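Chemist: Sequence first, then the predicted structure:
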Amino acid sequence: MRIVFGSPPPPLWLKTLAFSIGGMLSAVFAFILFSALSAAFQGGGLSLFGPVWAPYAEKFGLGPMIHASLLLSASSLCAGWLLSLGCCCLLRGVGPRCFARVLMGILRFMTAIPTVVYGFAAVFALVPLIRNALGGSGFCWLAAGTMLAVQGVPTMALIMDGALRSVENDVFLTAAALGMTPLQTLSRVVIPASRPWLVSAAVLGFGRALGDTLLPTMLAGNAVRFALSPLDSMRTLTAHIGLVLSADIGGGENLSLLLAGGLLLLGSVAVSLLARRVSRGRNDEAA
Amino acid sequence: MMKRREKFLLCLSWGSGLLICGAVGTLLVFLLARGGPVFGKELFFDSTPPMDALLGLKPVWNGIWPAVMGTFFLLSLTLAFAALPGIGCGVFLACYATPKQKYRLGLAVDLLAGIPSIVMGLFGFVLIVYLRRTVLPNGTTCLLLSSFCLALLVLPSLVVGTRTALETLPRYISLTAAALGFSHGQTVWRLLLPAAGQGILGGLMLALGRAAEDTAVIMLTGVVANAGLPSGLTSKFEALPFRIYYTAAQYATQRELDLGFGAALALLLLSGSLLLCAWGFQRGLERRWRGVR
């Protein structure tokens, strides 16, 4: 509640608490970026940004990991975004109401399913399926991408649903009076009108997919190489950090993981700023 | 007659709706079928008598009880670290901040919310390495460090939850209070906070759910596969999500696999019930203010 007549200064302790968040944020940034920078300088001769990962030849290039991170999150985002949009349409009048209610319950429940449980179930259900049907080890881009797409659906779908609902409330009567079916209203009016929200859902979904660690580590196979086919194994930046740290190796590997942390942090900042920008654009539009 | 765009949308809707239902249904059935039969006293305590295990008299070697207790301690400590700054910052943003402060703090909270959990874990790791070099030569990754990093991870959702709960209260509360001569402080602490209490609790539950399921942070800051009950704040510990992760990668016997499925089911129950609590609180808040807005 904003206070109406010139609000008095807040108690000092409350202000301190609130701004301690800024302090913690700066601490995280300082530690991660400083160690990434010092790793980059120390590892000058190890071609840390190069495309070659060959520890025996003293080459610790992060190229394959960056490639894998971008590829995996982009592909799972495409699939997940389409799935979310489809679910939203079903919720907003394409499907029968009882089914919509069940689907909404399922989506809400999905926000509570831990990522590690998705990964665990996929290791014992999806991976053998892929192995038997398509060959290979089963731990591949396809497995990780599928689960990442499914896991991202509830977040995106709930954002989209809020947006579509508010636009639909505005145009529902007019569209019905013009004789449009719910499907036509959605496809011709509501979805085009809520484009900024759909974009911001996509941006947030991309950030989530980029930062996820468990699913790529458990399902993508973790071989360091440039994956091209969906059945290839790949290792993302996040998985790289987890694997190298838990294996407790020193030297070039360690430097590369510090650098990977810095890259991920910068990536997440870019995503957050972009999401804010998109949503500010939509507030201006509404005003 | 349908145009192409409508046809596409119709197919997409039904396809994705059925796919999502199918995927979640398969997941649940699979987990229940494999984890259900082992879910019971044996799963948690193995052959140790439950009372002895509960009181910590006898160790549990072949059950998930230590992991359950590890998660419990982790969540309590995370709550202790995060509750005050999170709720405080939310109250500040909703009731006191000037527009400029709102913009800056909002940006900080957004940036913090975007940081991937593995990076937060890496922060904890780098932090303890730095502390070892300077003031704490014996420092190592431990329960305290893990819960501190988890607290950082869940802070943003706590701030946003508190802020939203306060900002959606009907405006007439503060107007009436001002008209009755309440000071600003009295309005905030005596009226607005108690009125939004359920919403704030709901936000707290959601934050706890997030902390309970996160694996990447604790993986880098002190969780281990076999530690028994945590013996103190600076000891290593076990936790449910890590137990599941570890089983998927390294199980050797059928019993370990069963334990993994049981642990997955237990974690799902835990985060599901936290979510249900959060809903309950938020529904309560809505119902209380719906008629009067």
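Modeler: Done, it's in.
Chemist: Say whether chain B is contacted by the longest helix along chain A.
Modeler: Longest helix of chain A, by residue count under DSSP state H: helix A:141-177. Yes - Helix A:141-177 is in contact with chain B by CB under 8 Å from any CB of the partner chain, via A:V150, A:V153. (Each C-beta comes from the backbone N, C-alpha and C, glycine too.)
Chemist: and what of stretch A:220-240?
Modeler: Yes - contact of stretch A:220-240 with chain B (CB under 8 Å from any CB) involves A:T238.
Chemist: If we go by neighbour counts, what in that stretch is buried?
Modeler: Residues A:220-224, A:227, A:230-240 are the ones in stretch A:220-240 that count as buried (16 or more other CB atoms under 10 Å in any protein chain shown).
Chemist: Narrow these to those in helices?
Modeler: A:L237, A:T238, A:A239, A:H240.
Chemist: I'd like those laid out as a markdown table, including pLDDT.
Modeler: Shown next, in a markdown table, are these (pLDDT from 0 to 100):
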| residue | pLDDT |
| --- | --- |
| A:L237 | 90 |
| A:T238 | 91 |
| A:A239 | 91 |
| A:H240 | 89 |
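Chemist: which one of those is nearest B:T176?
Modeler: A:T238 (50.8 Å; CB to CB).
Chemist: Next one: that closest one from B:P230, what distance?
Modeler: 27 Å (CB to CB, to the nearest Å).
Chemist: swap in B:Y251?
Modeler: Separation of B:Y251 from B:P230 (CB to CB): 23 Å.
Chemist: how much space between the most centrally placed residue in chain A and A:T238?
Modeler: Closest to where the C-alpha atoms of chain A average out (CA atoms, centre = their mean) is A:R208, at 2.0 Å. Here A:R208 is placed at a distance of 11 Å from A:T238 (CB to CB).
Chemist: any low-confidence regions in the stretch 51-200 of chain A?
Modeler: Low-confidence regions of the stretch 51-200 of chain A, defined here as pLDDT under 70, do not occur.
Chemist: what does the average pLDDT come to for stretch B:77-96?
Modeler: What stretch B:77-96 shows for mean pLDDT is 91.
Chemist: And it, what's buried?
Modeler: Residues B:77-79, B:81-83, B:85-96 are the ones in stretch B:77-96 that count as buried (16+ other CB under 10 Å).
Chemist: Which members of those residues additionally contact chain A?
Modeler: B:P85, B:G88, B:C89, B:V91, B:F92, B:L93, B:A94, B:C95, B:Y96.
Chemist: Identify the residues contacting the residue lying closest to the last one once chain neighbours are set aside.
Modeler: So that's B:Y96. Closest residue to B:Y96 apart from its sequence neighbours, by CB to CB, 6 or more residues apart in numbering or on different chains: A:P10 at 3.8 Å. A:P10 makes contact with B:F92, B:C95, B:Y96, B:A97 under the criterion CB atoms under 8 Å, 6 or more residues apart in numbering or on different chains.
Chemist: and the closest residue to A:S268 other than its chain neighbours, how many neighbours?
Modeler: With sequence-adjacent residues excluded and distances taken as CB to CB, 6+ apart, A:S268 is closest to B:G114, at 4.3 Å. Residues near B:G114, counting by other CB atoms under 10 Å in any protein chain shown, number 24.
Chemist: Quick check: B:T140 touching B:V129?
Modeler: No - if you go by CB atoms under 8 Å, B:T140 and B:V129 don't touch, sitting 10.1 Å apart.
Chemist: Next, work out how far apart A:G138 and B:Y246 are.
Modeler: For A:G138, the distance to B:Y246 - CB to CB - is 20 Å.
Chemist: And the residue of the stretch 151-293 of chain B closest to chain A?
Modeler: Here the residue of the stretch 151-293 of chain B nearest chain A is B:E213; by CB to the nearest CB that distance is 3.3 Å.
Chemist: residues touching that residue, list them.
Modeler: Counted by CB under 8 Å, 6+ apart, B:E213 has contacts A:P114, A:T115, A:V116, A:V117, B:P241, B:L267, B:S271.
Chemist: Enumerate every residue touching whichever residue of the stretch 151-287 of chain A sits closest to chain B.
Modeler: The nearest approach of the stretch 151-287 of chain A to chain B comes at A:G211, 2.6 Å away (CB to the nearest CB). By CB under 8 Å, 6+ apart, A:G211 lies in contact with A:T238, A:L264, A:S268, B:G114, B:I115, B:P116, B:S117, B:I118, B:V119.
Chemist: need the helices for chain B, in chain order.
Modeler: Under DSSP H, chain B gives helices at B:4-35, B:41-45, B:50-55, B:65-91, B:99-114, B:117-133, B:143-167, B:172-179, B:184-186, B:193-213, B:216-220, B:240-250, B:254-290.
Chemist: Please work out the average pLDDT along the first one.
Modeler: The average of the pLDDT scores along helix B:4-35 is 90.
Chemist: and what of the second one?
Modeler: Per-residue pLDDT values over helix B:41-45 give a mean of 77.
Chemist: just checking, what packs against that helix?
Modeler: helix B:50-55, helix B:65-91, helix B:254-290 (3 or more CB pairs under 8 Å, 6 or more residues apart in numbering or on different chains; DSSP states H and E).
Chemist: just the last one next, same as before
Modeler: Secondary structure elements in contact with helix B:254-290, counted by 3+ CB pairs under 8 Å, 6+ apart, are helix A:97-110, helix A:115-124, helix B:4-35, helix B:41-45, helix B:65-91, helix B:193-213, helix B:240-250.
Chemist: TSV please, covering those helices and showing distance to B:A263.
Modeler: Compiled in TSV, the helices and strands packed on helix B:254-290 are given as follows (distance: least, CB to CB, whole Å):
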stretch	distance to B:A263
helix A:97-110	19
helix A:115-124	9
helix B:4-35	8
helix B:41-45	8
helix B:65-91	6
helix B:193-213	12
helix B:240-250	5
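Chemist: right, and those - which one's nearest A:A193?
Modeler: Comparing the helices and strands packed on helix B:254-290 by CB to CB, helix B:4-35 comes nearest, at 14.9 Å.
Chemist: quick one: the closest one to helix B:254-290, angle?
Modeler: Angle of helix B:4-35 versus helix B:254-290, following axes from the mean of the first three to the mean of the last three CA atoms, to 10 degrees, is 130 degrees.
Chemist: and whatever helix or strand the residue nearest to the centre of chain A lives in, C-alpha only, in PDB?
Modeler: Using DSSP states H and E, A:R208 maps to helix A:195-211. Provided in PDB are the C-alpha atoms of helix A:195-211 (Å, rounded to 0.1, in the frame of the first residue of the first chain):
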ATOM      1  CA  ARG A 195       2.400 -10.900 -28.400                       C
ATOM      2  CA  PRO A 196       4.600  -9.000 -25.900                       C
ATOM      3  CA  TRP A 197       3.500 -11.400 -23.100                       C
ATOM      4  CA  LEU A 198       4.200 -14.400 -25.400                       C
ATOM      5  CA  VAL A 199       7.700 -13.000 -26.100                       C
ATOM      6  CA  SER A 200       8.500 -12.400 -22.400                       C
ATOM      7  CA  ALA A 201       7.300 -15.900 -21.600                       C
ATOM      8  CA  ALA A 202       9.800 -17.200 -24.200                       C
ATOM      9  CA  VAL A 203      12.600 -15.100 -22.800                       C
ATOM     10  CA  LEU A 204      12.000 -16.300 -19.300                       C
ATOM     11  CA  GLY A 205      11.700 -19.900 -20.500                       C
ATOM     12  CA  PHE A 206      15.000 -19.600 -22.300                       C
ATOM     13  CA  GLY A 207      16.700 -18.300 -19.200                       C
ATOM     14  CA  ARG A 208      15.300 -21.300 -17.200                       C
ATOM     15  CA  ALA A 209      16.400 -23.800 -19.800                       C
ATOM     16  CA  LEU A 210      19.900 -22.300 -20.100                       C
ATOM     17  CA  GLY A 211      20.400 -22.400 -16.300                       C
END
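Chemist: how about it: buried residues?
Modeler: So helix A:195-211, judged by 16+ other CB under 10 Å, has buried residues A:196-211.
Chemist: Would you pull up the residue in the stretch 51-200 of chain B closest to chain A?
Modeler: For the stretch 51-200 of chain B, CB to the nearest CB, closest residue to chain A: B:P116, 2.6 Å.
Chemist: returning to that earlier point: how about the residue nearest to A:S268, what does it touch?
Modeler: A:G207, A:G211, A:S268, A:V269, A:V271, A:S272, A:A275.
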